[in-house]
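S.K.: need the 3D shape of this:
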Amino acid sequence: MGQQAPLRICLAQLELAVGDFKGNQRRIIAALDAAPDADVVLTPEFSACGYPPEDLVAYPEFIAAGERVLDAVAAHLRGRPGQHAVIGLPRAHEGRLYNVAAVVNGDGVVCEHRKNHLPNYGVFDEKRYFADGEGVGTFELRGHGVALAVCHDVWVEEFAELVAARKPAWLLALNASPFHLGVQAEREAITRRLSKLGCDVAYVNKVGGQDEHVFDGGSHVARAGEIAARLPLFAPEVAVFDPQAATVHEPPSATEQIAAALQLGVRGYVEAAGAAKAFVGVSGGIDSAVALALAARALGPEKVVAVLLPAAVTAAMSVEDGAKLAANLGVECLRIPIAGAVKAFEERLAEALGRAPAAAAAENLQARARGVMLMALANDAGGLVLTTGNKSEMATGFATLYGDMAGAFDVLKDIAKGQVYELAAWLNREQEVIPA
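M.R.: Residues are numbered from 1 along each chain as shown. Predicted coordinates for the structure are as follows:
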C-alpha cells in the first residue's frame, strides 16, 4: 500500500473585526478562493464574529449572524468536493454557549470542538460568557486524523494528553492571541512541544487592532519539535503549507515589533470609528513627535493633522520643531495660538474667585485650552483626537485631566519613556523624521 499523500493545510491569517459579519465572511471566502486546492483552510478564533465579542454574545441575533456565516461558507464549498474550512464562532448547545471551532464542507458542519480551557486573567474574561467544553474535536480527512484546539487549550498539559491519546496526524489550533513582547517565542515553545507528541501543529492567529487589543498574527506550523513555516507578523496573509517550499519569516526587532503593534492599534481604532481624520497636538516634545509619526505611518499622512497650540510661555523652538516634523511627515499642520483663550479663562476665573487662581489651576488652563481646541477641530472634521501621553507619565500622574488626556485613543499608553526614545531612533534610522 502506498504512503498517503500529505494534507494541504492553508493558514488564513486574517484581519477580522468584532460584529463585522459580512466583512469577516468576505475575508474568509477570499481565503478559500486563494487556496482552492487546499484540503482545509484554517481561520482564527471567532473568525465569524471577531474577537473579543464580550457582551455582544448575550444577543441572540449576534449568535444567529455567526451561524449565517457558517452557512455561507458551506454554500461556497459546495462546488469543491473534499475541501473543508475551520471557522471560529460562538455556538449554543442545550442552553449553554461555547467558544467553538466548527469544521464545515459543502454538506455543512461535519465536526466541532468546544474550547476546553477558558482564560480568565489579564485581558481575558471568557468564563463570564462561555461554558467549558470537554474532550477533543476530531475528524478524518483523506485518511488522516485531525484534531482541533482553540487558543488557550494548547497551553494546558491536560489537553495535550487528550490530543496524544487520539494520535492525530495534525492538530489545528485557532487563536486570537494578543501581542506582547516575547509572546511569539512563548507560542512556538508550546507548539514545538505539542509537535513532539507525533502530530504536526498548524497554529493560526488573527491580526489587527481591536479597541485596546492588538493581534500580531505569527501563524506557523510546528513539526517534530521544529518550526517548519511562519507567516509574517502584523500583516494579513493566506498561505498553503508546503513542506518542500515553506518559508520561515524571521520576526523583526523588538522596537520594530512595538512600532508595528502601535500602528495596527491606531489604524484599527480610527478605521472602526469611521473617523475622517486624526488630530494630534504637537508640543515640540518627543512624545507627541513619536505619536504623530506613528499615526502618519498607520493612517497615511493625508488623514493626519498636526496642531501647534502655542501659549504665551511656549518657546519659539517648540513651534519650529513641530512645524519641521509635520513637513518631514507630509501632514497638514495648523498653528492656533491659545494665549488669548487662556487669558480669557484666567480673567473669568479671577472674577469668580475675587483673586488670581492658584498656580495649579492657572497652569492646567493651558492644557485644557489645548484640549478644547483639539476636540473642536476633530468634531468639525468628523475626526478624532489621538493623545500622546506615555505609560511612565500615566503611571506617575504626570498628565492633565481634560487637557493632554483629552481624546479618543492614546498612541503611547503602554510605552515607557525609554521606549519612546528607542522608537524615535528607529523612526530616524534612514533619515531625520523627528528633529534631533
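
S.K.: what strand or helix carries the nearest residue to G265 once chain neighbours are set aside?
M.R.: With C-beta to C-beta, 6 or more residues apart in numbering as the criterion, G265 has its nearest non-adjacent residue at 4.2 Å, and that residue is G209. Where C-beta positions appear, they are placed from N, C-alpha and C, glycine not excepted. For G209, the element it lies in under DSSP states H and E is strand 207-210.

S.K.: what's that strand packed up against?
M.R.: The contact analysis (3 or more C-beta pairs under 8 Å, 6 or more residues apart in numbering; DSSP states H and E) places strand 207-210 against strand 213-216, helix 254-273.

S.K.: for it, the averaged confidence score.
M.R.: Averaged over strand 207-210, pLDDT sits at 96.

S.K.: residues of that strand that come out buried?
M.R.: 207-210 (16 or more other C-beta atoms under 10 Å).

S.K.: between these, which is nearest D242?
M.R.: V207 (21.6 Å; C-beta to C-beta).

S.K.: what's the spacing between the closest one and A235?
M.R.: Using C-beta to C-beta, to the nearest Å, one gets 6 Å for the distance from V207 to A235.

S.K.: any common contacting residues for the two?
M.R.: Residues touching both V207 and A235 (C-beta atoms under 8 Å, 6 or more residues apart in numbering) are 13, 217.

S.K.: quick check: mean pLDDT of stretch 76-89?
M.R.: On average, stretch 76-89 scores 94.

S.K.: just the endpoints, please. Distance across that stretch?
M.R.: Stretch 76-89 has an end-to-end distance of 18 Å (C-alpha to C-alpha, to the nearest Å).

S.K.: again, but for stretch 70-84
M.R.: 12 Å.

S.K.: same question, stretch 190-209
M.R.: Start-to-end, stretch 190-209 (C-alpha to C-alpha) is 24 Å.

S.K.: list the buried ones in it?
M.R.: For stretch 190-209, by 16+ other C-beta under 10 Å, it's 190-192, 194-197, 199-209.

S.K.: same deal with stretch 131-139?
M.R.: 131, 133, 136-139.

S.K.: which one of those residues is nearest to A58?
M.R.: Distances from A58 to those, taken by C-beta to C-beta, are shortest for A131, at 14.1 Å.

S.K.: follow the chain on from the lowest-mean-pLDDT helix or strand in the chain and name the next helix or strand.
M.R.: In the chain, no helix or strand scores lower on mean pLDDT, DSSP states H and E than helix 391-396, which sits at a mean of 91. The helix or strand immediately downstream of helix 391-396 is strand 409-410, counting by DSSP H and E.

S.K.: how about residues contacting that next one?
M.R.: 265-266, 269-270, 384, 386-389, 394.

S.K.: among the buried residues of stretch 190-209, which ones are in strands?
M.R.: Assigned to strands by DSSP state E, the following of these qualify: 200-205, 207-209.

S.K.: I'd like the residues you listed laid out as JSON lines, including distance to E157.
M.R.: Formatted as JSON lines, these follow (distance: C-beta to C-beta, whole Å):
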{"residue": "D200", "distance to E157": "20"}
{"residue": "V201", "distance to E157": "15"}
{"residue": "A202", "distance to E157": "20"}
{"residue": "Y203", "distance to E157": "17"}
{"residue": "V204", "distance to E157": "22"}
{"residue": "N205", "distance to E157": "21"}
{"residue": "V207", "distance to E157": "28"}
{"residue": "G208", "distance to E157": "31"}
{"residue": "G209", "distance to E157": "32"}
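
S.K.: quick one: end-to-end length of stretch 101-117, please.
M.R.: 13 Å.

S.K.: same thing with stretch 153-171?
M.R.: Terminal-residue distance, stretch 153-171 (C-alpha to C-alpha): 11 Å.

S.K.: so for it, mean pLDDT?
M.R.: 96.

S.K.: let's verify A12: helix, strand, or coil?
M.R.: strand (DSSP: H, G, I helix; E, B strand; the rest coil).

S.K.: same question, L181
M.R.: L181 - assigned by three-state DSSP - is coil.

S.K.: which one is it nearest to, not counting chain neighbours?
M.R.: A254 (5.8 Å).

S.K.: same question, A311
M.R.: According to C-beta to C-beta, 6+ apart, the nearest residue to A311 is Q366 (4.8 Å).

S.K.: ok but that neighbour is inside a strand, no?
M.R.: No - Q366 is assigned helix when assessed by three-state DSSP, not a strand.

S.K.: what's around it, how many residues?
M.R.: 23 (other C-beta atoms under 10 Å).

S.K.: what are the buried residues along stretch 95-103?
M.R.: Per 16+ other C-beta under 10 Å, stretch 95-103 contains these buried residues: 97-103.

S.K.: next: stretch 341-359.
M.R.: Result for stretch 341-359 [16+ other C-beta under 10 Å]: buried residues 341-342, 345, 349, 357.

S.K.: V103 is in contact with Q83, isn't it?
M.R.: No - counting by C-beta atoms under 8 Å, V103 sits too far from Q83 to count as a contact (11.2 Å).

S.K.: show me the shaky parts of this structure.
M.R.: 1-3 (pLDDT under 70).

S.K.: next, the contact list for R68, please.
M.R.: F21.

S.K.: that one looks like it's in a helix, true?
M.R.: Yes - counting by three-state DSSP, R68 is part of a helix.

S.K.: one step back: just the ones of the buried residues of stretch 131-139 in strands?
M.R.: 138-139.

S.K.: check the buried residues of stretch 131-139 and tell me the two furthest apart.
M.R.: Maximum distance among those (C-beta to C-beta): 22.0 Å, for A131 and F139.

S.K.: related to what we said a few turns ago, of the helices and strands packed on strand 207-210, which is nearest F124?
M.R.: When these are compared (using C-beta to C-beta), the closest one is strand 213-216, at 10.3 Å.

S.K.: which elements pack onto the closest one?
M.R.: strand 207-210, helix 254-273.

S.K.: centre of the chain to it, how far?
M.R.: Distance of strand 213-216 from the chain centroid (C-alpha atoms, centre = their mean, to the nearest Å) equals 3 Å.

S.K.: in CSV, list the C-alpha atoms belonging to the next helix or strand after that strand.
M.R.: Using DSSP H and E, the next helix or strand after strand 213-216 towards the C-terminus is strand 220-223. Output in CSV follows, covering the C-alpha atoms of strand 220-223 (Å, rounded to 0.1, in the frame of the first residue of the first chain):
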residue,chain,number,x,y,z
HIS,A,220,3.1,28.9,12.0
VAL,A,221,3.5,25.2,11.6
ALA,A,222,5.5,23.0,14.0
ARG,A,223,6.8,19.6,13.0
